[in-house]
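In: All I have is the shape, not the residue letters:
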């Protein structure tokens, strides 16, 4: 890709990302109206997290909800509370930010996979304007962290394997492992990883894939160690 085309791609992706940011943050404290039950409980968990010392890998079952949640989102919400005060907007901000960050990485990943800048822009636009993605990003749930970690980790994994960049492979491993701290749905990721390895073996040599797995796997194990 020439420098001019790369500049146009970056500019258009930035515009699409801005659209995604607007759709996720506009009147975040008012839309959706009120707080759903789980949002309110997550807010109370975040206040509890904010008032405690140390890192909470797991959030204990509160108010008889019948679950023990991963702690990453609660820490992010507690951080927003400490910076901007306790409010609905602060509670929902981490989910909105995760949804907004997903937009450019969907575009970058699509371009990297299919070598198509136009395809990347279309994919990013669909991610930015999808009603399902917008609604999920505007509620105080940890679910938006799952596609963010998956898409971002995959982007750096593909980048690293194709170009032999170890830093990208290490970063991919770290990001994939961070997802373990996010939400229960992330537990399907081993199946995703197996499919990715098989696809990589179809495209690249065994040696290249093995080296990439060693770098990603080592970084992932170190990052996920506290949860194992």
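Out: Alright, I've got the coordinates. What you are looking at is a predicted structure, and each value in this text was computed from that prediction instead of being measured. Residues are numbered from 1 along each chain as shown.

In: any low-confidence regions in the protein?
Out: Along the chain, segments meeting pLDDT under 70 span 1, 62-66.

In: Please parse it into its domains.
Out: According to automatic domain parsing, the chain comprises the domains 1-141, 144-228.

In: what's the distance between the longest one and the middle of its chain?
Out: When you say that, I think you mean domain 1-141. Relative to its chain's centre, domain 1-141 lies at 8 Å (Cα atoms, centre = their mean, to the nearest Å).

In: before we move on, what about the shortest one?
Out: Here the centre of domain 144-228 is set off from its chain's centre by 13 Å, with Cα atoms, centre = their mean.

In: gap between the closest residue to residue 36 other than its chain neighbours and residue 67?
Out: The shortest distance from residue 36 to any non-neighbouring residue, by Cβ to Cβ, 6 or more residues apart in numbering, is to residue 139 (6.6 Å). Heads up, the C-betas are built off the backbone N, CA and C, glycines and all. Distance, residue 139 to residue 67, by Cβ to Cβ, to the nearest Å: 17 Å.

In: hmm, back to that, Serialize the domains of the chain to TSV and add fields for mean neighbour count.
Out: Formatted as TSV, the domains of the chain follow (neighbours: other Cβ atoms under 10 Å):
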stretch	mean neighbour count
domain 1-141	17
domain 144-228	18
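
In: show me the contacts for residue 12.
Out: Residues counted as contacts of residue 12 (Cβ atoms under 8 Å, 6 or more residues apart in numbering) are residue 121.

In: Compute the distance between it and residue 225, please.
Out: Applying Cβ to Cβ, the value for residue 12 to residue 225 is 40 Å.

In: for residue 125, same thing?
Out: Following Cβ to Cβ, the distance that separates residue 125 from residue 225 is 38 Å.

In: Now do the contacts for the residue nearest to residue 36.
Out: Residues counted as contacts of residue 139 (Cβ under 8 Å, 6+ apart) are 32, 36, 39, 92, 95.

In: Show me which of those residues is closest to residue 54.
Out: The shortest approach to residue 54 among the contacts of residue 139 belongs to residue 95, at 23.8 Å (Cβ to Cβ).

In: Work out for me the element the most centrally placed residue in the chain sits within.
Out: For the chain, the residue whose C-alpha lies nearest the mean C-alpha position (Cα atoms, centre = their mean) is residue 148; its distance is 2.0 Å. According to DSSP states H and E, residue 148 maps onto helix 145-163.

In: What is the next helix or strand after that helix packed up against?
Out: As assigned by DSSP H and E, the chain's next helix or strand after helix 145-163 is helix 166-178. Judged by 3 or more Cβ pairs under 8 Å, 6 or more residues apart in numbering; DSSP states H and E, helix 166-178 is in contact with helix 145-163, helix 206-224.

In: swap the cut-off to 10 Å and go again
Out: When contacts are defined as 3 or more Cβ pairs under 10 Å, 6 or more residues apart in numbering; DSSP states H and E, helix 166-178 sits against helix 145-163, helix 189-203, helix 206-224.

In: Format those helices as JSON lines; extra columns: distance to residue 104.
Out: Shown next, in JSON lines, are those (distance: least, Cβ to Cβ, whole Å):
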{"stretch": "helix 145-163", "distance to residue 104": "10"}
{"stretch": "helix 189-203", "distance to residue 104": "21"}
{"stretch": "helix 206-224", "distance to residue 104": "22"}
